[in-house]
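Novice: Turn this into a structure:
(3 chains)
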Amino acid sequence: MCLAVPGKIISIEGDDAVFRRGRVNFGGIVKDVSLAYVPEAKPGDYVVVHVGFALSIVDEEEARKVFEYLREMGELEELTEGAI
Amino acid sequence: MKFIDEYRDAGAAERFRQMIHNITTKEWTLMEVCGGQTHAIVKFGIDELLPEKITLVHGPGCPVCVTPLELIDKAIQIASKPNVIFCSFGDMLRVPGSEKDLLMVKAAGGDVRIVYSPLDAVKIARDNPEKQVVFFAVGFETTAPANAMAVHQARAFGVKNFSILVSHVLVPPAIEAVLSSPECRVQAFLAAGHVCTVMGYTEYEPLAKKYRVPIVVTGFEPLDILQGVFLCVKQLEEGRFEVENQYARSVRKEGNLPAQNLVREVFCIVPRKWRGVGEIPESGLGLTEEYAEFDAESRFEVSGYTAEEPAECISGLVLQGIKKPNECPAFGTRCTPEHPFGATMVSNEGACAAYYRYRRHLAKEKAA
Amino acid sequence: MKAQESFSPVCPIPIAEYPQILLAHGGGGKLMHQLIEKMFVPAFKNSLLGARHDGAVFQTGNARLAFTTDSYVVHPLFFPGGDIGKLAVYGTVNDLAMCGARPLYLSSGFILEEGLETEKLWRIVQSMKQAADLAGVELVTGDTKVVDRGKGDEIFINTAGVGIIEHELIISPREVQPGDAILLSGDLGRHGIAIMAAREGLEFESEIESDCAPLASVILKMIYEGIEVHCLRDLTRGGLASALVEIAEASGWQINIEENQIEVREDVRGACEILGFDPLYLANEGRFIAFVPQAHTEHALEIMKLHPFDSTPAQIGTVSADMTGGVILKSRIGANRIVDMFTGEQLPRIC
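Specialist: Reported below is the predicted structural model:
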């Protein structure tokens, strides 16, 4: 279950962990989101948001890996083909 | 849009497609558990890109679809009461109960409101102290933290006129139910990426081991799903059965601990009936003793009765991946989104609805 | 398996029989379609209504005229990029334009709710005058009614329009030919999202304005410069998808379109992503599709680009020789899917 969308935190307000809220930008539309479940989140981070709650901070390093994987597999294929 | 657009890249999709074709030597049946993944697969036509040898079946990953008929009837009863503001996510409004759906209750004068977040319902309760505000708390583990927070905050602010009608279901028991069925054809799973964002994926390891099935935690964009399929097939071809995390940009092994903690405080595990599948022990969430005052089922005296599904409806078999929507004799003819027999045709995420909207030509081809 | 044992043969009451009108019946999708097909058309049976077009086109004396009507119930009354009055004028002008007519005169019926601020009404009226001037039409007759407080949503406006057709082209889905190019005049969804934003209090970095605009001048220019326009449709409720599905059904040919060619602005997409909407079904008020022979495409696009209302026209697809009467979309990643009409209104989803 499913519809969670990544957006960029522009600003944060509230000190209490439970009531911490952020303004999150989704491609130009800004929504007020609860950051109660991502206490380490800071402005500039991307978070995955579901029904008004941020559930995780996007790991940009991991995000790149999908494409690195493709590149590696491509190189592997070339090597294998070369070997044949 | 960052972290969305790149995962819809046609070139990369083609690369994954080729990779899948290159490693597939045998026939494999994979199941994706999440309605959002079903939606993406059918919307982008991903299953069309896969080799013939790979069959993708759609599992019970739509909490809207699996909400039992009785609960929808209870929702309708509550929403029809004069002093009630009934709040729900949009998904639930068109799901038919025994006689009608929530949209019809609205048409007849009931105060039924669509909310984007459960916290909106709490706000409505605070703004309308003389009314009873009920929120239809449907969802998998992904939505439980939000619903838990709503109840937690309602208690903290002393909002007495707020309650929730709970229909939370859990994924691992559903997967086990599918796997333990004697007719189970599923050999690998794409686990739901956002459920795992909350829960982590340690619960899947015993399942992978016991049933010897690869389980790959997968995201929702085309590249995610293609990579998820690739990793499953690679494991199958190599005879491995491990839990892998494709959606690592959002999912950590332990999941989201603050979310799990609050869910554990507000909810406890209970048996739940799954529409079309039956009762699965320890497969749902209910409110704990401490928060029992917020339970709408006890606050309102709603009589539940066991309602029956139409005979032709095979949504149970579809939800378990035993049949595909276009294999149902009523699909697209007697059963359509306007005249739905079961929830899988009404809910946008239901496998039957997704097929109807995007792949109806399959049924025609089959008939021809 | 337990599930199969608990199945018993009971047929539910078919929910498709609606004893009460639902909001979805006005949503521009299947239910509205059904209401029109099953109630209105059979009740008023005649060949002009049977043509099922945005306006009625008929010959009287030496003149070929077009006649249309529309009602406006939008809330909020004022939204970024427009208001109910502007919508009312442009909406009717555009319906006439889609018949290939030069809009001449409009009527306007106002149904006002007791308690409506007079100042609001004045602003709406001023806006209508401005819109009428821009569109080159005159408001020549009207009516006013006031209903009790609570019985009307501040204001409802009905407009009817009459236009004259000064060329020989027949513009209708039945004129659509295999090989025709399908042109879309600009990006999708701004109006739908602007209204939703105003209603739900969504916030945008830079405000999204409705794309509400008059389309007669660009259409007439195309026709007078020799573009052989086969069919036109302005995209309103139900969006691009509904328009294409209706035309495919009425023409009998298959329509093939490509997602890559359909433009949607990033902020509109952002709103769609978080609400779970599909931009193909969002309302627009200043966009149209045109079916023209492939050979006329370049010329047509040149004319459409000059339209002053921020258009970025493109060819989004072609009519194929398959007689399926359906619409097939090639997705961004290269696979195909069917485009269908929405059952009712698009509801925000979480799933």
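Novice: what does the stretch 151-300 of chain B put close to chain A?
Specialist: Within reach of chain A by Cβ under 8 Å from any Cβ of the partner chain, the stretch 151-300 of chain B has these residues: B:152-153, B:192, B:194-195, B:197-198, B:220, B:223-224, B:227, B:246, B:248-252, B:256, B:258-259. Backbone N, C-alpha and C define where each C-beta goes, glycine included.
Novice: mind checking how far the residue in the stretch 51-200 of chain B that chain A sits nearest to is from A:Leu55?
Specialist: Closest contact between the stretch 51-200 of chain B and chain A, by Cβ to the nearest Cβ, is at B:Ser117 (3.0 Å). From B:Ser117 over to A:Leu55 the distance is 13 Å, taken as Cβ to Cβ, to the nearest Å.
Novice: Equivalent analysis for C:Ile171, please.
Specialist: Taking Cβ to Cβ, one finds C:Ile171 at 51 Å from A:Leu55.
Novice: How about B:Lys2?
Specialist: 17 Å.
Novice: Please identify which of these two sits among more neighbours.
Specialist: A:Leu55 (24 against 14; other Cβ atoms under 10 Å in any protein chain shown).
Novice: Can you tell me the SS state at that one?
Specialist: Using DSSP: H, G, I helix; E, B strand; the rest coil, the structure places A:Leu55 in strand.
Novice: Was I right to think it contacts A:Val48?
Specialist: Yes: in terms of Cβ atoms under 8 Å, A:Leu55 counts as a neighbour of A:Val48; the distance is 5.4 Å.
Novice: can you list residues touching both of those two?
Specialist: A:Ala4, B:His194, B:Thr197, B:Ser250 (Cβ atoms under 8 Å, 6 or more residues apart in numbering or on different chains).
Novice: Report how many residues lie close to the first one.
Specialist: Applying the criterion other Cβ under 10 Å, we find 27 residues in the vicinity of A:Ala4.
Novice: Same check on the last one?
Specialist: A total of 28 residues lie near B:Ser250 under the criterion other Cβ under 10 Å.
Novice: Do I have it right that it meets B:Val195?
Specialist: No: applying Cβ under 8 Å, one finds B:Ser250 not in contact with B:Val195, separated by 11.1 Å.
Novice: how far off strand A:53-57 does the one helix or strand B:Val151 maps to point, in degrees?
Specialist: Using DSSP states H and E, B:Val151 falls within helix B:144-156. Here the directions of helix B:144-156 and strand A:53-57 differ by 130 degrees (axes from the mean of the first three to the mean of the last three Cα atoms, to 10 degrees).
Novice: In space, what's closest to C:Phe79 - neighbours in sequence excluded?
Specialist: Closest residue in space to C:Phe79, ignoring its immediate chain neighbours: C:Ala198 at 4.3 Å, by Cβ to Cβ, 6 or more residues apart in numbering or on different chains.
Novice: The one you found in helix, strand or coil?
Specialist: helix.
Novice: Tell me who's in contact with it.
Specialist: For C:Ala198, the contact set (Cβ under 8 Å, 6+ apart) comprises C:Pro76, C:Phe79, C:Pro80.
Novice: Please narrow those residues to those residing in strands.
Specialist: Members of the contacts of C:Ala198 lying in strands (criterion: DSSP state E): C:Phe79.
Novice: Chain B: which of the contacts of C:Ala198 is nearest?
Specialist: The closest of those, once distances to chain B are taken by Cβ to the nearest Cβ, is C:Pro76, at 17.2 Å.
Novice: per-residue pLDDT, that closest one?
Specialist: In this prediction, C:Pro76 carries a pLDDT score of 89.
Novice: Neighbours of it, how many?
Specialist: 11.
Novice: repeat for A:Phe67
Specialist: Neighbour tally, A:Phe67, other Cβ under 10 Å: 15.
Novice: Wait, a strand at it?
Specialist: No: counting by three-state DSSP, A:Phe67 is not part of a strand but helix.
Novice: does it really touch B:Ala13, like I thought?
Specialist: No: A:Phe67 lies out of contact with B:Ala13 (Cβ under 8 Å); the separation is 12.0 Å.
Novice: Enumerate the residues of chain A near chain C.
Specialist: A:1-3, A:5, A:7, A:25-31, A:49-51.
Novice: Restricted to strands, list those.
Specialist: Using DSSP E, these in strands are A:Val5, A:Gly7, A:Asn25, A:Phe26, A:Ile29, A:Val30, A:Lys31, A:Val49, A:His50.
Novice: With neighbour count as extra columns, can I get these in TSV?
Specialist: Listed next are these as TSV, based on neighbours: other Cβ atoms under 10 Å in any protein chain shown:
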residue	neighbour count
A:Val5	22
A:Gly7	29
A:Asn25	21
A:Phe26	24
A:Ile29	25
A:Val30	19
A:Lys31	21
A:Val49	26
A:His50	26
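Novice: what's the closest of those to chain B?
Specialist: Among these, and counting by Cβ to the nearest Cβ, the member closest to chain B is A:His50, at 5.6 Å.
Novice: so the closest one touches B:Thr143, yeah?
Specialist: Yes: between A:His50 and B:Thr143 there is a contact under Cβ under 8 Å: 6.9 Å.
Novice: pLDDT weak spots in chain B?
Specialist: B:303-310, B:347-349, B:358-368 (pLDDT under 70).
Novice: middle-most residue in it, spatially?
Specialist: B:Cys62 (2.3 Å; Cα atoms, centre = their mean).
Novice: Next, that one: phi, psi?
Specialist: Phi and psi for B:Cys62, reported as degrees, to the nearest 10, are phi -120, psi 100.
Novice: and the helix or strand bottoming out on mean pLDDT in chain A, is it in reach of chain B?
Specialist: The weakest-scoring helix or strand in chain A, judged by mean pLDDT, DSSP states H and E, is helix A:60-83 (a mean of 81). Yes: against chain B, helix A:60-83 shows contacts by Cβ under 8 Å from any Cβ at A:Glu60, A:Glu62, A:Ala63, A:Lys65, A:Val66, A:Phe67, A:Tyr69, A:Leu70, A:Met73, A:Gly74, A:Glu77.
Novice: Which strands and helices lie in contact with that helix?
Specialist: helix B:10-23, helix B:222-238 (3 or more Cβ pairs under 8 Å, 6 or more residues apart in numbering or on different chains; DSSP states H and E).
Novice: can you do 7 Å?
Specialist: Helix A:60-83 sits against helix B:10-23, with contacts defined as 3 or more Cβ pairs under 7 Å, 6 or more residues apart in numbering or on different chains; DSSP states H and E.
Novice: Report the inter-axis angle for the helix it packs on versus helix B:222-238.
Specialist: Using the same axes, to 10 degrees: helix B:10-23 against helix B:222-238 is 10 degrees.
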